[in-house]
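**Student:** Mind looking at a prediction? Sequence and model below.
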Amino acid sequence: MLDQDQIRSMALEVLLVDHPLVQHKLTLMRDVKQSSTQFRSLLREISWLLCFEITRDLPLEQKAIETPVEATRAPVLSGKKLVFVSILRAGNGMLDGMLDVIPSARVGHVGLYRDHETLEAVEYYYKVPGGLDQRLVIVVDPMLATANSAIAAVQRLKDGGARNIRFVCLISAPEGVRAFNRAHPDVSIVTAAVDNNLNEKGYIVPGLGDAGDRIFGTK
């Protein structure tokens, strides 16, 4: 796994969340002995923590309220409700944690699968809220490997009007980060780890295997 200095030396445009709790939980998730139940629980917890990082600059406005002591003005979120967009199917494993933090968020889905011969993304489903041009759109997927699915999903959202997009993942590969940076230099990436590389099958090394299979207990 790469540290902050290595990421900078490779000129990768990515924000690494190296908080000790995130890194501890991620190590537990990598362990092949973890059950699907434990894996899902850890993913929800890490997603909860990553949500804080990717939303740290949300706009605020002042609202008049009455506390038990006196009337005052205090900050609340302003603007239209943001949107979490899950790249199916593994992205759904991150939604619960994100929605725990921002339950009022709207939710969209982009269905993509990876052709195992070409490694290209093939779309089979698209359903998102309206008004994307006025909302912050946060795209979630546990893995950024080749980045083909993430690139395709973000382009689909841009075609649908989205202008303010961020991408958050659990683990990324340098190859995927570079490809995503080239395709969407205006979209920031937040990740808990940048691993060493991709293997010949397009899997992240050391990674944690197929996130969808581990979330849902499939093979």
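**Tutor:** Great, that's in hand. Numbering: from 1, shown residues only.

**Student:** now the spatially most central residue of the chain, nearest residue through space, not along the chain?
**Tutor:** With distances taken as CA atoms, centre = their mean, V168 lies nearest the centre of the chain, 2.4 Å away. In space, and not counting its chain neighbours, V168 is closest to V190: 4.5 Å by CB to CB, 6 or more residues apart in numbering. For the C-beta atoms, the positions are set from N, CA and C on the backbone; glycine is no exception.

**Student:** so which strand or helix has that neighbour?
**Tutor:** Using DSSP states H and E, the element containing V190 is strand 188-194.

**Student:** got it, and Q23?
**Tutor:** helix 20-30.

**Student:** The helix or strand just after that helix packs against which elements?
**Tutor:** Following helix 20-30 in sequence order, the next helix or strand is helix 36-54 (DSSP H and E). If you count contacts as 3 or more CB pairs under 8 Å, 6 or more residues apart in numbering; DSSP states H and E, helix 36-54 packs onto helix 20-30, helix 92-101, strand 164-172, strand 188-194, helix 211-216.

**Student:** what mean pLDDT does stretch 108-116 have?
**Tutor:** Per-residue pLDDT values over stretch 108-116 give a mean of 85.

**Student:** Let me know which of the helices and strands packed on helix 36-54 is tucked in deepest.
**Tutor:** strand 164-172 (a mean of 24; mean count of other CB atoms under 10 Å).

**Student:** following that one, which helix or strand comes up?
**Tutor:** helix 174-183.

**Student:** mean confidence for that next one?
**Tutor:** The average of the pLDDT scores along helix 174-183 is 96.

**Student:** and what of stretch 4-12?
**Tutor:** For stretch 4-12, mean pLDDT is 89.

**Student:** Keeping just the C-alphas, turn it into PDB.
**Tutor:** Output of stretch 4-12 as PDB, limited to C-alpha atoms (Å, rounded to 0.1, in the frame of the first residue of the first chain):
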ATOM      1  CA  GLN A   4       1.100  10.000   1.300                       C
ATOM      2  CA  ASP A   5       4.700  10.700   0.200                       C
ATOM      3  CA  GLN A   6       4.500   7.900  -2.400                       C
ATOM      4  CA  ILE A   7       1.200   9.200  -3.700                       C
ATOM      5  CA  ARG A   8       2.600  12.700  -4.100                       C
ATOM      6  CA  SER A   9       5.800  11.400  -5.800                       C
ATOM      7  CA  MET A  10       3.600   9.600  -8.400                       C
ATOM      8  CA  ALA A  11       1.600  12.700  -9.000                       C
ATOM      9  CA  LEU A  12      -1.700  11.000  -8.200                       C
END
